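> Fold the stuff below for me.
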Amino acid sequence: MKTTIKRNIILIGSMGSGKSHLGRNLADAKGWQFVDTDRILEKRYNMPIADIFKTIGEKAFRRAEFEVIKKVAMYHEAVISVGGNFPIDMRTLRYMQKYSFIIGIRASHYRIVNRVNRWIGKRPTMNYDDVSGYVAWMMRRWKPLYRKCDHVLDTTYSHTDELVTSIDGSIKSKGIYFKRRKVHQGE
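You can find the predicted model right below:
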């Protein structure tokens, strides 16, 4: 079996798929840090993600998100959740694939609708007039990207510990090893 060295694990998928919840639990299980690209953008712009998108527009938002992804893709021993407001572009995905084990996170339509309805006003691209229709449209746009992932999980009916076990099994079966973070004297 061929051994592949990666730096970290990146979770991608639509909003409401469960990336942040799973990411925090996976990071805890591995003893790694958890990073959420939306939280980094919010800190950088000092405003909620929905307001950033409205203020700077989609094109500038995508550029800002790509800059954050370029930085966090270099992190070692990290589980990184990438914002799911709209599908990442192929350039971004190819960049992440160089350094990261990419896991696609998806859930059923009804589960995402249920989750998204709890966040009224907090999602930048969300059409709250037709949540069900918007989620269906978004799921169609994400579908082709899942084929490019190293592993894909459905969070609809699975418990977090089952998902973590599935991820660990996939990593092991594919011969993936993670480059350890160098610890400097005094850390």
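> use CA for all of it now, contacts and neighbours both
OK.
> So Lys143: helix, strand or coil?
When classified by DSSP: H, G, I helix; E, B strand; the rest coil, Lys143 comes out as helix.
> and Val35, how many neighbours does it have?
20 (other CA atoms under 10 Å).
> Just to be sure, it is in a strand?
Yes. Counting by three-state DSSP, Val35 is part of a strand.
> That one reaches Ser81, doesn't it?
Yes. The criterion here is CA atoms under 8 Å, and Val35 meets it with Ser81 at 6.2 Å.
> Can you list the strands that the longest strand anywhere in the chain pairs with?
For the chain, the strand with the greatest residue count under DSSP state E is strand 100-106. Paired with strand 100-106 in the same sheet, following DSSP bridges, are strand 8-12 (parallel), strand 151-154 (parallel).
> List the buried residues in the shortest one.
When you say that, I think you mean strand 151-154. For strand 151-154, the neighbour count (16 or more other CA atoms under 10 Å) marks 151-153 as buried.
> How about stretch 162-173?
Along stretch 162-173, these residues count as buried under the neighbour rule (16+ other CA under 10 Å): 163-164, 167, 171.
> just stretch 47-63 next, same as before
For stretch 47-63, a neighbour-count test (16+ other CA under 10 Å) marks 48-53, 61-62 as buried.
> residues near the nearest residue to His76 once chain neighbours are set aside, how many?
Leaving aside its chain neighbours, His76 sits nearest to Arg7 (4.7 Å; criterion: CA to CA, 6 or more residues apart in numbering). By other CA under 10 Å, the residues close to Arg7 number 22.
> Correct me if wrong: Glu42 contacts Ala50.
No. At 9.2 Å, Glu42 does not count as touching Ala50 under the criterion of CA under 8 Å.
> returning to that earlier point: and of the buried residues of stretch 47-63, the nearest to Tyr110?
Tyr110 has its nearest neighbour among the buried residues of stretch 47-63 in Ala50, at 22.8 Å by CA to CA.
> Just the element for that closest one, please.
helix 49-72 (DSSP states H and E).
> same question for that helix, mean pLDDT?
For helix 49-72, the mean pLDDT works out to 91.
> So what angle separates the directions of that helix and strand 8-12?
Computed with axes from the mean of the first three to the mean of the last three CA atoms, to 10 degrees, the direction of helix 49-72 lies at 150 degrees from that of strand 8-12.
> which parts of stretch 4-19 are buried?
6-19.
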